[in-house]
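Q: coords below, sequence missing:
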């Protein structure tokens, strides 16, 4: 088996996920895979604030400095994970690094798309002495695609099986992959569903002055009531009526927009605001199934939102009679899914295998994804 590392820093801004993954075989679909180690190195408040500032108002200087800061931090995260696992850097063939998205503009009828992830690959390579495959979204976007969700391709390779499955990620943003049962005539689908927990987390942090970073165990939402009028303002966004392929991010569902909403609904208590934003996530997930062509037997949840019992209970209720579980039922830690995906995309680059899914992104065709930075 050949060992790769995967790096992910998502829209939730929780921290850096590192997965060390061994893959068997050299065909497009690995014969087997095994996660040798997985860990998350959380950002401190200062790091989260600098990333948010770069996303919201970043100058060229701030973005440049953050690019190298994140690269060094990501490299240290890989090195720390290797030391903890007792694995030598020389045993890792390459690192697949998604980086931290600071801007992602999907293509439209009037203009091409663009995307920018920070976390300088050269800094990662210097910190680890391991080659890095980075800038994984750009080629798909250049080929007319959404550049997201990239995990649709890796989901199909790793999780397709005897039942029709949906993989629903509930990170900062949400995305859905639908995998028809092996041997069926259905086609796979994937697209972003809308906000995951980004708006909810930011609202809790703002309303508590930073004392809370998120709605732990969904307790706030469980104690609150949904304000249907306030919710309708979010659901009126044209994104929710867009036919896939589609992708979104903090550019559209921004903190500035959230602040305006919180100000307009200042009478909403913290619990009611949390309940309303939780319901936004639930309804966007459930509504996404109207675009699904294949009957789905089971839905598997992953990402930070999969640890929120209130959110999960509402999704389970709305998706019934479909079975709803977390991704551990398929043998993978739900938090590790994206880092494992980027380890796999590094493998595909090394083997010369295109790593995008035009059926998900709308790209003009299959493309080899990434940029190679030698060790």
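A: Thanks, I have it. Worth saying up front: this structure is predicted, and the values here are computed from it rather than measured. Numbers count the residues shown, from 1 in each chain.

Q: what's the burial count for residue 236?
A: Neighbour count of residue 236, defined by other C-beta atoms under 10 Å: 10. C-betas here are computed from N, CA, C, even on glycine.

Q: contacting residues around the nearest residue to residue 370 once chain neighbours are set aside?
A: Once flanking residues are discounted, residue 370 sits nearest to residue 133: 4.1 Å by C-beta to C-beta, 6 or more residues apart in numbering. Contact analysis of residue 133 by C-beta atoms under 8 Å, 6 or more residues apart in numbering lists 94-97, 345-346, 349-350, 370-373.

Q: Which of the helices or strands spans residue 133?
A: Applying DSSP states H and E as the criterion places residue 133 in strand 132-134.

Q: who does that strand pair up with?
A: Strand pairing for strand 132-134, using DSSP bridges, gives strand 92-105 (parallel), strand 371-373 (antiparallel).

Q: To residue 307, which of those lies closest?
A: Taking C-beta to C-beta, strand 92-105 is the member of the strands paired with strand 132-134 nearest to residue 307, at 20.8 Å.

Q: Got the phi and psi for the residue nearest to residue 180 when sequence neighbours are not counted?
A: Distance criterion C-beta to C-beta, 6+ apart; nearest residue to residue 180, sequence neighbours excluded, is residue 186 at 3.2 Å. The phi and psi values for residue 186, taken as degrees, to the nearest 10, are phi -70, psi 160.

Q: The one 10 residues further on too?
A: When quoted as degrees, to the nearest 10, the phi and psi of residue 196 stand at phi -90, psi -100.

Q: State the distance from it to residue 284.
A: 9 Å (C-beta to C-beta, to the nearest Å).

Q: which of these two has more neighbours?
A: More crowded of residue 196 and residue 284, by other C-beta under 10 Å: residue 196, with 29 against 23.

Q: Just the mean pLDDT for the next helix or strand after the strand holding residue 133, thanks.
A: Remark: after strand 132-134, the chain's next helix or strand is helix 138-142, criterion DSSP H and E. Per-residue pLDDT values across helix 138-142 average out to 97.

Q: neighbouring contacts of helix 138-142?
A: With C-beta under 8 Å, 6+ apart as the test, helix 138-142 has contacts from 107, 112-115, 146-147, 150, 356, 361, 363, 367-371.

Q: got a markdown table for the contacts of residue 133, with pLDDT, neighbour count and distance to residue 67 too?
A: Formatted as a markdown table, those follow (pLDDT from 0 to 100; neighbours: other C-beta atoms under 10 Å; distance: C-beta to C-beta, whole Å):
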| residue | pLDDT | neighbour count | distance to residue 67 |
| --- | --- | --- | --- |
| 94 | 98 | 25 | 20 |
| 95 | 98 | 29 | 16 |
| 96 | 98 | 30 | 18 |
| 97 | 98 | 36 | 12 |
| 345 | 98 | 27 | 20 |
| 346 | 98 | 31 | 20 |
| 349 | 98 | 23 | 21 |
| 350 | 98 | 18 | 24 |
| 370 | 98 | 25 | 17 |
| 371 | 97 | 14 | 14 |
| 372 | 98 | 14 | 18 |
| 373 | 98 | 21 | 13 |
